[in-house]
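**Student:** Okay, here's the prediction I keep looking at, along with the sequence it came from:
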Amino acid sequence: MKLHELSDNEGATKKRKRVGRGPGSGTGKMGGRGIKGQKSRSGVAINGYEGGQMPLYQRLPKRGFNKPNRKSYAVVNLGLIQKFIDAKKLDAKKAIDGAALVASGLVRRELDGIRVLAKGDITSKVDLQVAGASKSAIEAVEKAGGTLTVTAPKVAETTA
């Protein structure tokens, strides 16, 4: 057997349908799309359309609720605060508040306040003043000899 003698089994491959190539081909003129109508035109995508029946995504029940006035906090881990103190980007001797964290680059923006979580270790004695903190974060800071004060989150000022 030589390379030029190799071939697929009978019926293993099918010839491509060449659409719109004259009446003799069987798929000439309208190209197998029928006469008129939306689907005979080009550029039709009717995904999710069920022909007058209520679509499935509308028949399914809705769940949950998104609170329109919910607070979003910028989250900071204790390990990152320690890393920034070691890198001299934060001063452990001064009180560390939201403005200091933003100025150091640890937080991009304060949002509705900054919340401290206990991931990582803190060894420096720090005075943190933030809008929120986990219980374990408060314990970890106090264990290192520092203080963590939770202040009221800043409220958006409204003009009446």
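**Tutor:** Sure thing, it's come through. Numbers count the residues shown, from 1 in each chain.
**Student:** In the protein, what residue spans correspond to strands?
**Tutor:** 74-77, 95-96, 114-117, 127-130, 132-133, 147-150 (DSSP state E).
**Student:** from the chain's centre, how far out does the fourth one sit?
**Tutor:** Average the C-alpha atoms of strand 127-130, do the same for its chain, and the two points are 29 Å apart (C-alpha atoms, centre = their mean, to the nearest Å).
**Student:** For that strand, which strands pair with it and how are they oriented?
**Tutor:** strand 95-96 (parallel), strand 147-150 (parallel) (DSSP bridges).
**Student:** okay, these, which one's buried deepest?
**Tutor:** For the strands paired with strand 127-130, the largest average neighbour count (mean count of other C-beta atoms under 10 Å) is found in strand 95-96, namely a mean of 20. Where you see a C-beta, it was placed from the backbone N, CA and C, and this is true even at glycine.
**Student:** what sits up against it?
**Tutor:** Strand 95-96 is contacted from outside by 81, 90, 126-129, using C-beta atoms under 8 Å, 6 or more residues apart in numbering.
**Student:** can you do 7 Å?
**Tutor:** By C-beta atoms under 7 Å, 6 or more residues apart in numbering, the residues outside strand 95-96 that reach it are 90, 126-129.
**Student:** Likewise for stretch 55-70?
**Tutor:** Stretch 55-70 has contacts (C-beta under 7 Å, 6+ apart) with residue 48.
**Student:** before we move on, what about stretch 71-84?
**Tutor:** So stretch 71-84 is contacted by 90, 101, 104, 106-107, 109-124, 131-132, 137, 140, 153 (C-beta under 7 Å, 6+ apart).
**Student:** distance between it and the chain's centre?
**Tutor:** 20 Å.
**Student:** So residue 117 versus residue 74, what's the distance?
**Tutor:** Distance of residue 117 to residue 74, computed by C-beta to C-beta, to the nearest Å: 11 Å.
**Student:** To residue 38, which of the strands paired with strand 127-130 lies closest?
**Tutor:** strand 147-150 (60.6 Å; C-beta to C-beta).
**Student:** Most tightly packed of the strands of the chain?
**Tutor:** strand 114-117 (a mean of 22).
**Student:** Reformat the contacts of strand 95-96 as TSV; add distance to residue 46 and pLDDT.
**Tutor:** Listed next are the contacts of strand 95-96 as TSV, based on distance: C-beta to C-beta, whole Å; pLDDT from 0 to 100:
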residue	distance to residue 46	pLDDT
90	57	87
126	61	90
127	63	91
128	57	89
129	58	91
